[in-house]
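[1] With the sequence up front, the predicted model follows.
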Amino acid sequence: MDTTYETTDNTTYYAHGTPAERWERARLFFAAKEYTAAARVLVGLVEEVPEQTGPRLLLARSYYHSAQLQRAETELRLIVERDPVEHYARLMLGRTLERQGRHAEAGPHLRLASALAGDFPEA
């Protein structure tokens, strides 16, 4: 009797389905705090639709929450390069830099995020 088991490529599961189905799957993983699984789904989706901010931002958030801070930073910098007034990406970039101990670099992004959100300090 042959006891050899066929192994499946885990990436097949994460890449299965239409872009809309993968987007929904990634959101479900993220909501369940399965950030690494969400990132695995989103990597392929971002490669497929690189111009869309939503999947890239959720990928960055997934990286942030799974402590993959350099990857989060890379994705966030791409977003703010394309859309300098994307305030949530600015906020996340600032927080990502802070979490890496890079407070001086984080400051301008956090101040700009606050300004873009309309949070001005009282005079």
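    Sure thing, it's come through. Residues are numbered from 1 along each chain as shown.
[2] rest of the way, CA atoms for contacts and neighbours
    OK.
[3] Mind checking what helix or strand follows the lowest-mean-pLDDT helix or strand in the chain in sequence?
    Here the helix or strand of the chain ranked lowest by mean pLDDT, DSSP states H and E is helix 10-15, holding a mean of 70. Using DSSP states H and E, the helix or strand that follows helix 10-15 in sequence is helix 19-31.
[4] Which residues does that following helix contact?
    Outside helix 19-31, the residues within contact range by Cα atoms under 8 Å, 6 or more residues apart in numbering are Tyr14, Ala15, His16, Tyr35, Ala37, Ala38, Ala39, Val41, Leu42, Leu45, Pro55, Ser62.
[5] Check stretch 84-96 too.
    By Cα under 8 Å, 6+ apart, stretch 84-96 touches 57, 61, 64, 69, 72-73, 76-77, 79-80, 105-110, 112-114, 116-117.
[6] In space, what's closest to the residue positioned nearest the centre of the chain - neighbours in sequence excluded?
    In the chain, the residue lying closest to the centroid (Cα atoms, centre = their mean) is Ala60, at 1.7 Å. Once flanking residues are discounted, Ala60 sits nearest to Ala72: 4.4 Å by Cα to Cα, 6 or more residues apart in numbering.
[7] Report the contact partners of the one you found.
    Contacts of Ala72 (Cα under 8 Å, 6+ apart): Leu59, Ala60, Arg61, Ser62, Tyr63, Tyr64, Leu93, Thr96.
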